[in-house]
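Asker: I need the structure of the sequence given here:
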Amino acid sequence: MDTVSYLRFVMSLLAVLAMIFGLLWAARRWGLGLMSPRASGRQRRRLAVQEVLQLDARHRLLLIRRDDREHLLLLGHGDSLVVERDCPAPEFVPIVPKPESPR
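Answerer: Model prediction:
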């Protein structure tokens, strides 16, 4: 095989890879249901990991949100424990500086 054949092979391979990645990007972008369980992409996610705290090499605390409720879980090697159910969500209180009194 000569240099032109190798160059043609490499260019064909790059073109095929570019098409594959382009199709995957389009499927993800427009939510064709190939990459995500939510086909429409408009639904609000019901389950989320709010925070993770690694306690040691085998144990971690997870704060999980489901709909409008939060649960605190202790996960370890081979065991898990629900520490607290229905944790109250923290209330957001904006910090407003107090105006200084005129002297």
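
Asker: so for stretch 28-36, mean pLDDT?
Answerer: Taken as a whole, stretch 28-36 has a mean pLDDT of 64.

Asker: and for stretch 86-103?
Answerer: 74.

Asker: buried residues, it. List them.
Answerer: For stretch 86-103, a neighbour-count test (16 or more other C-beta atoms under 10 Å) marks nothing as buried. C-beta here means a position set from N, CA and C on the backbone, and glycine is covered the same way.

Asker: start the count at 13, not 1, going forward
Answerer: I'll keep to 13 as the first residue from here, and by that count the last item is stretch 98-115.

Asker: export only the CA atoms of that stretch, formatted as CSV.
Answerer: In CSV, the C-alpha atoms belonging to stretch 98-115 read as follows (Å, rounded to 0.1, in the frame of the first residue of the first chain):
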residue,chain,number,x,y,z
ASP,A,98,-38.2,14.0,55.6
CYS,A,99,-35.4,16.4,56.6
PRO,A,100,-36.7,20.0,56.6
ALA,A,101,-35.3,21.9,53.7
PRO,A,102,-33.2,24.9,54.8
GLU,A,103,-35.0,28.2,54.4
PHE,A,104,-33.3,30.9,52.4
VAL,A,105,-33.0,34.1,54.4
PRO,A,106,-31.3,36.9,52.5
ILE,A,107,-28.7,38.8,54.5
VAL,A,108,-29.5,42.5,54.3
PRO,A,109,-26.9,44.8,55.8
LYS,A,110,-28.4,47.2,58.4
PRO,A,111,-28.1,50.8,57.5
GLU,A,112,-25.7,52.8,59.6
SER,A,113,-27.2,55.5,61.8
PRO,A,114,-26.2,59.0,60.8
ARG,A,115,-24.0,60.8,63.3
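
Asker: which residues are contacting that stretch?
Answerer: Contacting residues not belonging to stretch 98-115 are listed as Leu75, Asp80, Arg81, Glu82, His83, Leu84 [C-beta atoms under 8 Å, 6 or more residues apart in numbering].

Asker: let's see it at 10 Å
Answerer: When contacts are defined by C-beta atoms under 10 Å, 6 or more residues apart in numbering, stretch 98-115 is touched by residues Gln62, Leu75, Ile76, Arg77, Asp80, Arg81, Glu82, His83, Leu84.
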